[in-house]
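K.L.:
sequence and predicted model, in that order:
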Amino acid sequence: MQDIQAKPRVTMLDIGLYLRTIHLDYKPKDNQEMADLITEHFPVICLVEDIEQYETMCYYNSLVDEDDYDLMSRREKYFRQLGVLNPFN
């Protein structure tokens, strides 16, 4: 059995692709089942919190006008100060 510590945590850049693939092959009932299937079938660890964060991010992205450059600039500056990648890109 593969050591779970050897797998990296899923990223917001990749989780959308994994979710779409899981929905094509399976019909998961809830976020826990989706997280378990992603962890089982892909080389990453996925938690329910990752899926909820992705869904929240997608929801808020749909509310923001795509051409709101001021908001995008502020987000980029904020995440750079934190030293992490901007998950909204």
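P.N.:
Structure's in. What do you need?
K.L.:
got the residue ranges for the helices in the protein?
P.N.:
12-25, 31-41, 48-63, 69-82 (DSSP state H).
K.L.:
mind listing what's buried in the second one?
P.N.:
Read it as helix 31-41. If you call a residue buried by 16 or more other C-beta atoms under 10 Å, then helix 31-41 has these buried ones: 31, 34, 35, 36, 37, 38, 39. In this view, the C-beta of every residue, glycine as well, is placed from N, C-alpha and C.
K.L.:
related to what we said a few turns ago, so which of the helices of the chain comes closest to residue 88?
P.N.:
Ranking the helices of the chain by proximity to residue 88 (C-beta to C-beta) places helix 69-82 first, at 5.5 Å.
K.L.:
on contacts alone, who are the packing partners of the closest one?
P.N.:
Here helix 69-82 touches no other helix or strand, going by 3 or more C-beta pairs under 8 Å, 6 or more residues apart in numbering; DSSP states H and E.
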